[in-house]
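J.: need coordinates for the below:
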Amino acid sequence: ECKGDLIQAVYEYLINNNHTAFSYIGLLDDDILISVSDLNKILFIADVQKLDVFQASLSHDSYYNHRNFIHKPGYQILKTWWVEIMSPFYSFEIFMEAGQYFNKSISGTGIDVYLIPTIQQLLNKTNTAVIHAVQMKHCRPIRTDGRVFSNGKTNLQEIQELNTFCR
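T.: Sure thing, here's the model as predicted:
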């Protein structure tokens with residue numbers, strides 16, 4: 001139905017198939033434009049920097065909601081406390097620990113800004129950054145706003161509930 005369902009399905013697939021040999025789990029939306037070589041570059045930078053959570057910066061011609069993720073020339077990485085649900089990379093440990101709670105958001109909204117940072121704090125794995133050495137383009141406007149999901153909630157209701165749960 002939406003990004004939260006996708007994340008839940010990836011988590012269940014990994015559990016059901018006993019896959020454990022990953023450093024990172026990356027979950028890019030279908031409207032993200034980035035090359036394979038740039039994906040390899042951000043994974044290399046993340047490994048060198050020992051990042052726990054990260055994303056590439058957004059090109060200036062991208063659709064976006066948060067200016068802090070827009071590309072900043074001259075920087076390789078900039079620390080942040082969360083990354084957007086449209087293109088996150090999570091350490092395998094963080095992803096698997098958070099997995100039991102992914103069903104709390106069909107839209108995926110709130111997983112990024114509340115659930116993952118909470119799990120990071122609990123695991124003491126808070127090295128989070130936007131990698132400005134690599135840009136990606138978000139090609140389409142956000143489509144979850146105002147939509148009512150099969151649980152009867154909007155993305156704004158889901159984010160509020162995750163906020164409360166994480167507090």
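J.: helices of the chain, start to end?
T.: 3-16, 36-49, 92-98, 116-123, 155-166 (DSSP state H).
J.: average pLDDT for the last one?
T.: Okay, so that is helix 155-166. Taken as a whole, helix 155-166 has an average pLDDT of 94.
J.: list the buried residues of it.
T.: N155, Q157, E158, I159, E161, L162, C166 (16 or more other CB atoms under 10 Å). (Each C-beta comes from the backbone N, C-alpha and C, glycine too.)
J.: now the most centrally placed residue in the chain: how far from M96?
T.: Closest to where the C-alpha atoms of the chain average out (CA atoms, centre = their mean) is P88, at 2.7 Å. Distance, P88 to M96, by CB to CB, to the nearest Å: 14 Å.
J.: which one is K41 nearest to, not counting chain neighbours?
T.: V134 (5.3 Å; CB to CB, 6 or more residues apart in numbering).
J.: pretty sure that neighbour is touching S59, no?
T.: No: the criterion here is CB atoms under 8 Å, and V134 misses it with S59 at 10.2 Å.
J.: the more surrounded of the two?
T.: Taking other CB atoms under 10 Å, V134 and S59 do not tie; V134 has more neighbours (24 against 16).
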